[in-house]
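**Q** Got a predicted model here, sequence first, then my questions.
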Amino acid sequence: MDNYSSDQERTAAFARALGHPARIAIVEHLAQTRACVCGDIVDVLPLAQASVSQHLKTLKSAGLVKGEVEGTSVCYCLDERGWQDAQRLLGRLASTAVECCGSAR
């Protein structure tokens, strides 16, 4: 049985969700537009609808994206609370790595 803290598990979930260039592109698009329909993302990125939907599902399950049903579409946007949590956890990890590597010089 693994004995990882909830922060370690959550940090790993964020890292996995951000571990694909298509998901980074989706996040960047959502950040620029503030909200959009999944079909709009397909128009912007060179990905099939099914691929976009799968990537959005991954981002949503990590808490980085949220979606609301509007008629027959789902409107996606960044989840502000999830990103605040990601910034805190990934920022803590990055600052620890910088401190460690910076002191080895």
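**A** Structure received. Numbers count the residues shown, from 1 in each chain.

**Q** would you say residue 66 is within a strand?
**A** Yes. Residue 66: assigned to a strand according to DSSP: H, G, I helix; E, B strand; the rest coil.

**Q** Could you give the separation of the helix or strand residue 12 falls within from the chain centroid?
**A** Take DSSP states H and E as the rule and residue 12 turns out to sit in helix 6-17. Centroid displacement of helix 6-17 relative to its chain, using Cα atoms, centre = their mean, to the nearest Å, is 11 Å.

**Q** Go through it and flag the buried ones.
**A** By neighbour count on 16 or more other Cβ atoms under 10 Å, the buried set for helix 6-17 is 10-11, 13-14, 17. C-betas here are computed from N, CA, C, even on glycine.

**Q** now do stretch 53-67
**A** Applying 16+ other Cβ under 10 Å to stretch 53-67 flags 55-56, 58-60, 62-67 as buried.

**Q** re earlier: output the helix holding residue 12 in CSV, but only the C-alpha positions, please.
**A** The C-alpha trace of helix 6-17 is given here as CSV (Å, rounded to 0.1, in the frame of the first residue of the first chain):
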residue,chain,number,x,y,z
SER,A,6,-3.2,13.9,-0.2
ASP,A,7,-1.2,16.8,-1.4
GLN,A,8,1.2,14.4,-3.2
GLU,A,9,-1.7,12.6,-4.8
ARG,A,10,-3.3,15.8,-5.9
THR,A,11,0.0,17.2,-7.3
ALA,A,12,0.4,14.0,-9.3
ALA,A,13,-3.1,14.2,-10.6
PHE,A,14,-2.4,17.8,-11.8
ALA,A,15,0.9,16.7,-13.4
ARG,A,16,-0.8,13.8,-15.2
ALA,A,17,-3.6,16.0,-16.5
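
**Q** what's it in contact with?
**A** 4, 23, 58-59, 61-64, 85-86, 89-90, 92-93 (Cβ atoms under 8 Å, 6 or more residues apart in numbering).

**Q** Just the ones in helices from those residues, please.
**A** Counting by DSSP state H, these place 23, 58-59, 61, 85-86, 89-90, 92-93 in helices.

**Q** Among the residues you listed, find me the one that's closest to residue 34.
**A** Comparing the ones in helices among the contacts of helix 6-17 against residue 34 with Cβ to Cβ places residue 59 closest, at 15.6 Å.
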